Each structure stands twice: as structure tokens, then as C-alpha cells.
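# Show me how the following folds:
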Amino acid sequence: MRTILMTVPTMAFLTMASSAGLAQAPEKSAEAQKFYKLEFTLKEVDAGKVLNARSYSVIAVQDPKSNRVSIRAGAKVPVNVGGNVNFWDVGVNIDCYVLAEVDGRLSLSITADVTSTPTTAESAGQAGGGTSGPPTIRQNRWVSVVTIPLRKPTLVFASDDLVSKRQMQMDITATPIAGK
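Below is the predicted model:
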């Protein structure tokens, strides 16, 4: 009977020690993970001159299990269609996966969707003095895998506007964040 009583506490201690060891394993992998500040800059350019620029930042981790980051910024625009008011989503949606860092370059998988309505002046100019119909919706959508240098703004997407000489551009800057 004594042997059994001594064995039970020993087994309990070994089980607790084993559990504590397992709890430490994620900490080691967390230390090995790399974190980055990703800054996305959207620019509207006309003849080389930046007319408008907006920046969006997020912290991302290089981890195959949880490496997706998303940015959502926008509004719902009321649009009168046939006497009914509908709401259209406009804004910026960015989804990004950090794939790998190799030789000072970061590989990312990016989906970017920029949807907007023209300003009142643009609408009036395009429609020959304005219109009472629904607004024109502009959309730029890019999907790609890109490789960019660290700490340097890099142009990754550009597309021309279909009705003007303007261009929408997206730059990305990836900055490693120092660990503990």
C-alpha cells in the first residue's frame, strides 16, 4: 500500500511537470515569429502630381497558421434607384498574407479593392453639368503575390482611370519590428 501512495504523488508531479513543459513550447515558437509593420499608401496621381494620398497600417506576423491581416475602411453611400434608396459600399479593403522573408525581401500575397464615387466637381465635368442619376462608382481591384525590399516604399500596383488621365497607385513599406 505504501508503494502505491508514493507512486500517485510522483505521477501527479510528473504530469504537472510535463504540462508545464508543453505550455512553454508555444513561447519558444512565439519568440521565433517575425513581426512587421506594413504600411499601404494609396495615391491618386495626375500627370505625375499626387492629388490625394491615404495611408493604412497594420502589424502582421510571419506565421503559417495565423498570418492574414485585413484592413477595412469605408462608408455606405445612399443611392436613389427607381424611388428606392439603396446603400452601396465604398472604401478600401486590403487583405494580406505574409509568406516569407528571404535575403532582406518580404514576400506577400495581397488583395486590394478600392471603390469610390467621384467628387461633385468630377461628376459635373463628366456628365456635362451634372445628372440626377446614380453616381458613377470607380473600382480598382488588384490580386497578386509581390516581393518587396524591407524598409523601402515600393510601388506594387498601378491602374489608369478609364475616363481621365489619372492613375491609382499603391505603395507598400514593410518594416521589421524588433523582438524582446
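# For residue 104, list the residues it contacts.
By Cβ atoms under 8 Å, 6 or more residues apart in numbering, the contact list for residue 104 reads 149, 150. C-beta here means a position set from N, CA and C on the backbone, and glycine is covered the same way.
# Low-confidence bits of this structure, can you list those?
For the chain, residues meeting the criterion pLDDT under 70 lie at 1-32, 64, 119-134, 179-180.
# Domains of it: list them as residue ranges, please.
Residue ranges for the domains of the chain, per automatic domain parsing: 1-32, 33-177.
# Could you identify which of the ones you listed is most buried?
Comparing the domains of the chain by mean neighbour count (mean count of other Cβ atoms under 10 Å), domain 33-177 ranks first with a mean of 14.
# residues touching residue 154, list them.
Residues in contact with residue 154 (Cβ under 8 Å, 6+ apart) are 146, 148, 171, 172, 173.
# hey, what's the nearest residue to the second one once chain neighbours are set aside bridged with?
Put plainly, it is residue 148. Distances taken as Cβ to Cβ, 6 or more residues apart in numbering put residue 154 closest to residue 148, at 4.3 Å, once the chain neighbours are dropped. Beta-bridge pairing for residue 154 (DSSP bridges): residue 172.
# quick one: the helices in this structure?
For the chain, applying DSSP state H gives helices covering 2-32, 120-126.
# Please enumerate the strands of the protein.
34-46, 49-62, 68-81, 84-102, 105-116, 138-149, 154-160, 166-177 (DSSP state E).
# Can you list the neighbours in contact with the last one?
Put plainly, it is strand 166-177. Residues from elsewhere that reach strand 166-177, judged by Cβ under 8 Å, 6+ apart: 34-46, 51, 59, 101, 106, 108, 110, 112, 114, 140, 142, 146, 148, 150-161.
# Over to the first one?
With Cβ under 8 Å, 6+ apart as the test, strand 34-46 has contacts from 50-62, 69, 71, 92, 94, 96, 98, 101, 106, 108, 112, 114, 153, 164-177, 179.
# All set now, cheers.
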